[in-house]
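J.: Sharing a model prediction with you, sequence too.
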Amino acid sequence: MSIAHTCAAGMGGLRAAGDLVARLQMAKGMRLAEAKQAVADALGVGVRDLSDNQAMHELRGERRLGRIYEAEVSYFRDPSPLEAKLNIEQLLGLELNGVRALRERLGG
Amino acid sequence: MTSRVVTRMGDGSLVELTPAEIRAELEAGVEAAVTRFAVEPLAGDELDHLADIFTSPARFVSVAVGDEVVLSQDGTGQPQQGGSVQALYETEQLICQDTVELSNLDYSYPAVKTIAPYEQQTMKEAQERLTIPVHYGAQPDLGRYSRPDGPVGNWSELLPQLRIDEARAAQEEAVELAVADMVHVAEALWEAGADGIDFDTAGAAGDADFLAALRAVEHLRRRHPDMGIMVGMASEVVLGTHGQLEHGGVRLAGLKPEGQLRVVQAAGATIFGPAVTVNTGKTVAWNTARALTLCKPCMAAAKIPVHMNVGMGVGGVPMSAFAPVDAVSRVSRACVDVLRLDGL
């Protein structure tokens, strides 16, 4: 069922920019249009590009925001999830709770 | 001879109807909501659009490019995927949802309270493994506090015996216990790094169950202004198992989706998820039209994102463990196109 909903109506998560829009919704209670515009502005793209996986895969790689992996390509230079989330924090102006927990463990 | 269109019943079984019959199903679903719940009907152009969706011969339909919405989830992962964190990671990489939700198979806050440290460990590992938001969720599950499972009186037994005062007292006692447990677990998982907390199927055990969730939200919001909190409902009307409980001066028993949204919003939640249960004896078209009619008033009243519940047996999706993709995709598109939701 998740797959059907994802294909029918989902923004594509890490495949595109759905996770970024989702973060603004959950962190700031932003309505969809506002959250999409905020992410688009932060990335310097149009709102429609946010669900375009072709455009987003390249952009996420350049901005080091994390992306999905394809089996026949090496991604060893890509950021780790925590590193990607540090970059997402900067992009969206948020403190991600998972990163906050890491900072606490590091004594920061 | 008029061609027939493949469509589904609310239990997922396949039926073939003419376009005129499907249109009649949609109109009947709207009427069912209007009559029972005194809400406004869908507009004519909205019904026309639903008819286009449900009379399409396509196996799969989707929203227009650019109209995609955020997908949140309850309980991500299947046993076939191996361990919890691996399941979340696979969902991120292979299914490409926008968020995932770590949860326990016993999807219940009173149950999870006893193993919170282990859930914290798993959340920490999930945060290291995934890039997308990882939420934590469970149900208020108020019934778990009643005997024989819990310490308070069993209102399901007391009510048929007309021991109303005792039943109400038991529920009020259970609410206090439930709030403490939900706050304890939510704070534990937030400390471990969860990107959000989900109180799912709020109101499943009636108005006391809903009140427990609302109080937990208030308590958490006071202590954690930045915590993302999602409240998903159990059904389209809050049952008055207690009957006299209020929150913020609003009686909870009998609240419909718009009323539910208003109290959830006022309590301080970040995202609201209405749920409309499916009648398995009616078509998916009927069920979807009814669900949209009931939830449409939420959108004008919402100041927070609305993520309609479209899982098994809610929102129009068939009550089936293996919901057919033709039905699920139609529900998805119908909800997004007509309601202009913030998510599913």
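T.: Yep, it's here.
J.: what's downstream of whatever helix or strand residue B:85 lives in, the next helix or strand?
T.: Per DSSP states H and E, residue B:85 falls inside helix B:84-90. Reading on from helix B:84-90 to the C-terminus, the next helix or strand found by DSSP H and E is strand B:100-102.
J.: quick check, that following strand touching chain A?
T.: No - Strand B:100-102 does not reach chain A (C-beta under 8 Å from any C-beta of the partner chain); its nearest approach is 8.8 Å. Quick note: C-beta positions are derived from backbone N, CA and C, even for glycine.
J.: how close does residue B:93 get to residue A:21?
T.: 18 Å (C-beta to C-beta, to the nearest Å).
J.: who has more neighbours, the two?
T.: residue A:21 (31 against 18; other C-beta atoms under 10 Å in any protein chain shown).
J.: Now residue B:51: closest residue in space, sequence neighbours ignored.
T.: residue B:23 (5.0 Å; C-beta to C-beta, 6 or more residues apart in numbering or on different chains).
J.: okay, the one you found: pLDDT?
T.: At residue B:23, the pLDDT value in this model is 98.
J.: contacting residues around the helix holding residue B:85?
T.: B:76, B:77, B:78, B:81, B:100, B:102, B:122, B:125, B:126, B:129, B:130, B:134 (C-beta atoms under 8 Å, 6 or more residues apart in numbering or on different chains).
J.: The residues you listed: which two are farthest apart?
T.: Greatest spatial distance in the contacts of helix B:84-90: B:78 and B:125, 18.6 Å, computed using C-beta to C-beta.
J.: the more surrounded of these two?
T.: residue B:125 (17 against 11).
J.: nearest residue to that one other than its sequence neighbours?
T.: residue B:85 (5.1 Å).
J.: Tally up the residues packed near the residue nearest to residue B:51, please.
T.: For residue B:23, the neighbour count with other C-beta under 10 Å is 18.
J.: ok, and what's touching whichever strand or helix holds it?
T.: Following DSSP H and E, one finds residue B:23 within helix B:19-37. Here helix B:19-37 makes contact (C-beta under 8 Å, 6+ apart) with B:2-3, B:5, B:7, B:17, B:39-42, B:47, B:50-51, B:54-55, B:236-237, B:256, B:282-283, B:285-291, B:293-294.
J.: can you check stretch B:106-118 too?
T.: B:74-75, B:104, B:119, B:137-141, B:144-145, B:150, B:177-178, B:181-182, B:184-185, B:188-189, B:199-200.
J.: rerun that using 6 Å as the cut-off
T.: Identification of contacts with stretch B:106-118 by C-beta atoms under 6 Å, 6 or more residues apart in numbering or on different chains yields B:75, B:104, B:138, B:139, B:141, B:144, B:181, B:182, B:184, B:185, B:188.
J.: Looking at the residues you listed, spot the one nearest chain A.
T.: Using C-beta to the nearest C-beta, residue B:75 comes nearest to chain A of the contacts of stretch B:106-118, at 10.4 Å.
J.: Test for you: state the pLDDT assigned to the residue nearest in space to the middle of chain A.
T.: Closest residue to the average C-alpha location of chain A: residue A:20 at 3.7 Å, with C-alpha atoms, centre = their mean. pLDDT recorded at residue A:20 is 98.
J.: Where do the helices of the stretch 151-300 of chain B begin and end?
T.: B:155-158, B:164-191, B:207-223, B:257-267, B:284-301 (DSSP state H, counting those that start in this stretch).
J.: what about the ones you listed, which gets the closest to residue B:62?
T.: helix B:284-301 (15.3 Å).
J.: For whatever helix or strand comes next after the closest one, name the packing helices and strands.
T.: Downstream of helix B:284-301, the first helix or strand assigned by DSSP H and E is helix B:325-339. Contact partners of helix B:325-339 among helices and strands, from 3 or more C-beta pairs under 6 Å, 6 or more residues apart in numbering or on different chains; DSSP states H and E: helix A:2-9, helix B:44-54, helix B:284-301.
J.: Recalculate using a threshold of 8 Å.
T.: helix A:2-9, strand B:5-8, helix B:44-54, helix B:284-301 (3 or more C-beta pairs under 8 Å, 6 or more residues apart in numbering or on different chains; DSSP states H and E).
J.: Run the angle between the helix holding residue B:23 and helix B:284-301 for me.
T.: 50 degrees (axes from the mean of the first three to the mean of the last three C-alpha atoms, to 10 degrees).
J.: Tell me the gap between helix B:19-37 and the middle of its chain.
T.: With C-alpha atoms, centre = their mean, to the nearest Å as the basis, helix B:19-37 stands 23 Å off its chain's centre.
J.: Buried residues in it, which are they?
T.: Buried residues in helix B:19-37, counted by 16 or more other C-beta atoms under 10 Å in any protein chain shown: B:19, B:21-23, B:25-27, B:29-30, B:32-34, B:37.
J.: tilt between it and helix B:325-339?
T.: Here helix B:19-37 points in a direction 60 degrees away from that of helix B:325-339 (the same axes, to 10 degrees).
J.: are any of the contacts of helix B:84-90 buried, and which?
T.: By 16+ other C-beta under 10 Å, the contacts of helix B:84-90 give B:76, B:77, B:100, B:102, B:122, B:125, B:126, B:129, B:130, B:134 as buried.
J.: Restrict the one helix or strand in chain B whose mean pLDDT sits lowest to CA atoms and write it as PDB.
T.: Here the helix or strand of chain B ranked lowest by mean pLDDT, DSSP states H and E is helix B:84-90, holding a mean of 93. Provided in PDB are the C-alpha atoms of helix B:84-90 (Å, rounded to 0.1, in the frame of the first residue of the first chain):
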ATOM      1  CA  SER B  84      13.600  -2.500  12.500                       C
ATOM      2  CA  VAL B  85      16.400  -0.200  11.300                       C
ATOM      3  CA  GLN B  86      17.000  -2.200   8.100                       C
ATOM      4  CA  ALA B  87      13.300  -2.000   7.300                       C
ATOM      5  CA  LEU B  88      13.400   1.800   7.800                       C
ATOM      6  CA  TYR B  89      16.500   2.100   5.600                       C
ATOM      7  CA  GLU B  90      15.000   0.000   2.900                       C
END
